[in-house]
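*Asks:* Just to be clear, the model below is a prediction. Sequence and coordinates:
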Amino acid sequence: MMPVDYILCGDYVLTMNNEMDVIRNGAVAVKDGKIAAIGTEADIFKTYTASRVIDGKGRALLPGLINTHTHAAMVYFRGLADDLPLKDWLEKHIWPAEGRWLSPEFVSDAVELACLEMLRAGVTTFSDMYFYGGSAAVASKKMGMRAVLGAGIVDFPTKTGKCADDYIGNAEKFISEWRGDDMITPCISPHSAYACSQETLVKIRDASERLGVMISSHISETEWEVAEIVSRYGKRPVEHFASLGMVNERLLAAHCVHIDERETELLAQGRAGVSHCIESNLKLASGFAPVPRMLASGIKVTFGTDGAASNNDLNILSEMSTAAKLHKALAKDPTALDSRTALLMATRWGADVLGLGSRVGSLEEGKQADIITMALGKPHLAPLYDIYSHLVYSAMASDVEDVMVDGKLLVEKGRATAADEEEIMRKAIMWGEKIASGDS
């Protein structure tokens, strides 16, 4: 018998591998942070013994969910300015609030809350775009989460810089400090083509190529943005990025709501990834991304929540359910986005577009042990005919029971085991009172 650290069992083990194997009465053996073996419960227990066994009766095991686009620290602005168009929301409320409150302490405390929310909802990896990346990285590691953190870049002054060169310099310093970390992957995040000039984007492209890191950016989120970029450059946003040599495997394009067929072709040809943020797009009335068309073209579309200030949560299960149903209605085709594809978008494809596909995103021997268990014995999950259907259309964040990241059990039976939930909530309430009162 070979000793391992954990054996996790499940009535269903959804591997999300290339064959989309589902193992009934399955188990996963975990040792030294990695998946040592996967198979039926009977086979695993013939070969392995563990100091911790997680019972699988009435549970499903699957890879941790992946949030490919968020602004984690904006959880402290949740509900601050709702029911507004994106431009007004940003320019009149969010950017002024950031100008007043942003600090390393703010980001650190807020990211802890965001990580707690995501972990308890089964999210084990997230991709972020914001400021004070070092503070976000330290907080993410403290919480045990895997994160791709983008150093935010704009052309106008904020608390973290006066001009684009300041932000790019900060980004390069952040990348050098965190390159090679086992849990944190640094990247560069120009806010958008309207917040970054062509000259700034060229500098970002060159830095990305020189340093070998990803670029994540908002692209074609609103009709206003498209009209603005066309008026400036005579090209639509994806065409503009492509003309600068930025549409490639290193690009993660967030939103892509208003892209035409030519732009879809450009993204597909460049093998760029897309983060679909359906609930934020709905709340801000930005429109409907052409997801079925993107999928048909071969683009790996994934799920992001955007920030909690425009969603207002960080729940990928909810994104899956909303997207799968909405795109059926828009296409007048119930097969437009099926449940298997939706779960693939939330797991393996999410890892792929973040450059982490060799490490996470599916349950396979040798990959990192990022695993979640979902309770199935709930009234809203009975009876069960198709496990994919249940997880996409019926499951809730509250059904997440156990969450393991890198072989560490961070949530057990719905409660965080490696974080002080009471202290995180205390700080969130304190910050909320300060922001509401205007008392700095």
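*Replies:* Done, it's in. Numbering: from 1, shown residues only.

*Asks:* Next, count neighbours for S358.
*Replies:* Number of residues near S358 (other CB atoms under 10 Å) recorded here: 11. Using the backbone N, CA and C atoms, a C-beta is placed for each residue, glycine as well.

*Asks:* Next up, the contacts around the residue nearest to it when sequence neighbours are not counted.
*Replies:* Setting aside the residues directly before and after it, S358 is nearest to K367 in space (CB to CB, 6 or more residues apart in numbering), at 7.8 Å. K367 sits next to K34, I35, S358, R359, V360, G361 when contact means CB atoms under 8 Å, 6 or more residues apart in numbering.

*Asks:* buried residues in the helix or strand where the second one lies?
*Replies:* To tie it back to what came earlier, the one meant is I35. Taking DSSP states H and E as the criterion, I35 maps to strand 34-40. Neighbour counts over strand 34-40 (16 or more other CB atoms under 10 Å) mark K34, I35, A36, A37, I38, G39 as buried.

*Asks:* can you pull up the bridge partners for the fourth one?
*Replies:* Spelled out, it's A37. A29 (DSSP bridges).

*Asks:* if I pick it, what's in contact with it?
*Replies:* The contact partners of A37, by CB under 8 Å, 6+ apart, come to V28, A29, I44, T47, Y48, E365.

*Asks:* Which pLDDT value goes with it?
*Replies:* For A37, the model assigns a pLDDT of 98.

*Asks:* now for this structure, which residue lies nearest the mean position of the chain?
*Replies:* Closest to where the C-alpha atoms of the chain average out (CA atoms, centre = their mean) is N67, at 1.5 Å.

*Asks:* Make sure that one is actually in contact with F303.
*Replies:* Yes - with contact defined as CB atoms under 8 Å, N67 counts as touching F303 (7.0 Å).

*Asks:* overlap in contacts of the two?
*Replies:* Common neighbours of N67 and F303, using CB under 8 Å, 6+ apart, are I316, G350.

*Asks:* Quick check: A382 vs D166, distance?
*Replies:* Look at A382 and D166: by CB to CB, to the nearest Å, they are 56 Å apart.

*Asks:* When the two are compared, which one has more neighbours?
*Replies:* Each of A382 and D166 had its neighbours counted (other CB under 10 Å), and the higher figure belongs to D166 (14 against 10).

*Asks:* give the contact list for that one.
*Replies:* D166 touches T160, counting by CB under 8 Å, 6+ apart.

*Asks:* Which positions in the helix or strand of the chain with the lowest mean pLDDT come out as buried?
*Replies:* Within the chain, no helix or strand scores below helix 86-88, which has a mean of 84 by mean pLDDT, DSSP states H and E. Residues L86 are the ones in helix 86-88 that count as buried (16+ other CB under 10 Å).

*Asks:* Could you do stretch 340-360 as well?
*Replies:* Those buried within stretch 340-360 under the rule 16+ other CB under 10 Å are 340-357, 359-360.

*Asks:* Report the rounded mean pLDDT for it.
*Replies:* Computed over stretch 340-360, the average pLDDT equals 98.

*Asks:* got the end-to-end distance for it?
*Replies:* 18 Å (CA to CA, to the nearest Å).

*Asks:* Use 429 as the first number for this chain going forward.
*Replies:* Yep, numbering from 429; the last one is stretch 768-788 now.

*Asks:* How about the residue nearest to the centre of the chain: which residues does it bridge to?
*Replies:* For N495, the beta-bridge partners under DSSP bridges are F554.

*Asks:* can you give me the strands for the stretch 629-778 of the chain?
*Replies:* 643-647, 679-683, 701-704, 729-731 (DSSP state E, counting those that start in this stretch).

*Asks:* picking that back up, now do the helix or strand just after the least confident helix or strand of the chain: which elements does it pack against?
*Replies:* Once the chain leaves helix 514-516, the next helix or strand it forms, by DSSP H and E, is helix 523-529. Here helix 523-529 touches helix 849-865, going by 3 or more CB pairs under 8 Å, 6 or more residues apart in numbering; DSSP states H and E.

*Asks:* Show me what counts as buried in the helix it packs on.
*Replies:* I852, K855, A856, W859, I863.

*Asks:* For the residues you listed, name the two members farthest from one another.
*Replies:* By the measure CB to CB, I852 and I863 form the most distant pair in those, at 16.5 Å.

*Asks:* so where's the stretch 729-868 of the chain shaky on pLDDT?
*Replies:* For the stretch 729-868 of the chain, the stretches with pLDDT under 70 are 867-868.
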